[in-house]
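[1] here's a sequence, model it:
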Amino acid sequence: MSEEILLLTEPVEAEGLKTILRHSAPSIVITHVVTRAELGSVAVAGLAGKRLIGFCTPVIVPKEILDALDGPAYNFHPGPPNFPGLYPACFAIKSRADQFGVTAHEMWENVDEGPIVGVDRKDIPVDIDRLHLETLSHAMIVGLFERLVPALVGNDSLAHVDEHWSGRVTRQADFDAICEVPPGISLEDLELRYRAVGQGPEHSLNVKIHGVRFNLDTGQGDNKSDNKSDDKVYVGGREVT
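    Numbers count the residues shown, from 1 in each chain. The predicted structure is shown next:
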């Protein structure tokens with residue numbers, strides 16, 4: 001059994017994942033880290049006997065840390081192998097995908113390139129929106145984590161499955177591009193982008209006029225209470241602000 005799990009994830013996820021880990025290994029030491037800087041501070045003390053697990057994290061782990069671990073580090077990606085990179089749910093909707101899923105894989109130096117150790121998929125409705133797809137994928141990725149935990153707390157490497165990454169790795173600039181509404185956009189494409197993007201202070205559709213960016217207000221009428229979700233932000237289907 002690994003002596004210690006380094007759990008790289010956002011605070012909203014940590015306690016639930018710790019409970020799942022301790023169900024399989026009650027005495028396991030779990031160190032929760034959120035940022036690259038925190039991970040680096042832990043690494044200074046040595047990484048022997050530690051297993052690194054990333055869960056829906058935006059942090060790219062440096063190669064020197066991956067190389068210093070006794071065995072592979074693993075990452076749980078909230079999208080299937082054909083949607084690597086950031087915001088997989090958004091790009092799945094934008095491309096009118098009829099399936100979505102989640103992936104567990106070994107961490108390599110480059111994002112979403114390591115051998116795959118687990119995948120779950122489901123058919124999705126053609127009219128699904130970002131909130132509902134991220135809610136679905138969050139339940140799926142927790143389920144995949146639960147299934148792989150007995151192996152994750154052991155010393156052995158997880159077996160590779162017959163799955164392979166495909167498609168272009170999406171980045172923040174790609175997401176920003178679908179948020180920006182071009183002149184002359186069709187109603188169909190506008191509705192598709194809105195389903196893919198959702199709304200909130202950091203991720204609403206916007207237009208640029210003479211270099212000035214304007215976020216679109218999708219509220220109905222003059223009463224802001226008609227649309228109570230204008231300022232909400234969701235991660236994995238959970239409201240976080």
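[2] what does whichever strand or helix holds residue 12 contact?
    Counting by DSSP states H and E, the element that carries residue 12 is helix 11-24. Contacts to helix 11-24, defined as Cβ atoms under 8 Å, 6 or more residues apart in numbering, come from residues 5, 7, 9, 28, 30, 32, 34, 55-56, 142, 145-146, 149-150, 152-153, 235-236, 238, 240. In short, each C-beta sits where N, CA and C put it, glycine included.
[3] buried residues in that helix?
    Of all the residues in helix 11-24, those buried under the rule 16 or more other Cβ atoms under 10 Å are 13, 14, 17, 18, 21.
[4] sorry, back to before: of the contacts of helix 11-24, select the buried ones using a PyMOL command.
    Selection of buried members from the contacts of helix 11-24 for PyMOL, criterion 16+ other Cβ under 10 Å:
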select buried, resi 5+7+9+28+30+32+34+55+56+142+145+149+152+153+236
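[5] chain neighbours aside, what residue packs nearest to residue 156?
    Leaving aside its sequence neighbours, residue 156 sits nearest to residue 71 (Cβ to Cβ, 6 or more residues apart in numbering; 7.9 Å).
[6] remind me which residues of the protein are low pLDDT?
    1, 200-202, 217-241 (pLDDT under 70).
[7] returning to that earlier point: following the helix holding residue 12, which helix or strand shows up next?
    Trace forward from helix 11-24 with DSSP H and E and the next one is strand 29-33.
[8] need the contact partners of the following helix or strand past that next one.
    Later in the chain than strand 29-33, the nearest helix or strand by DSSP H and E is helix 36-44. Identification of contacts with helix 36-44 by Cβ under 8 Å, 6+ apart yields 6, 8, 31, 33, 52, 59, 60, 61, 62, 65, 68.
[9] tell me which element the fifth one is part of?
    Element membership for residue 52, per DSSP H and E: strand 50-55.
[10] tell me who's in contact with the residue nearest to residue 156.
    By Cβ under 8 Å, 6+ apart, the neighbours of residue 71 are 51, 155, 156, 157.
[11] show me what the strand or helix carrying residue 148 packs onto, helices and strands only.
    Using DSSP H and E, residue 148 sits within helix 130-152. Contacts defined by 3 or more Cβ pairs under 8 Å, 6 or more residues apart in numbering; DSSP states H and E place helix 130-152 against helix 11-24, strand 50-55, strand 74-77, helix 88-94, strand 99-106, strand 116-123, helix 187-197, strand 234-235.
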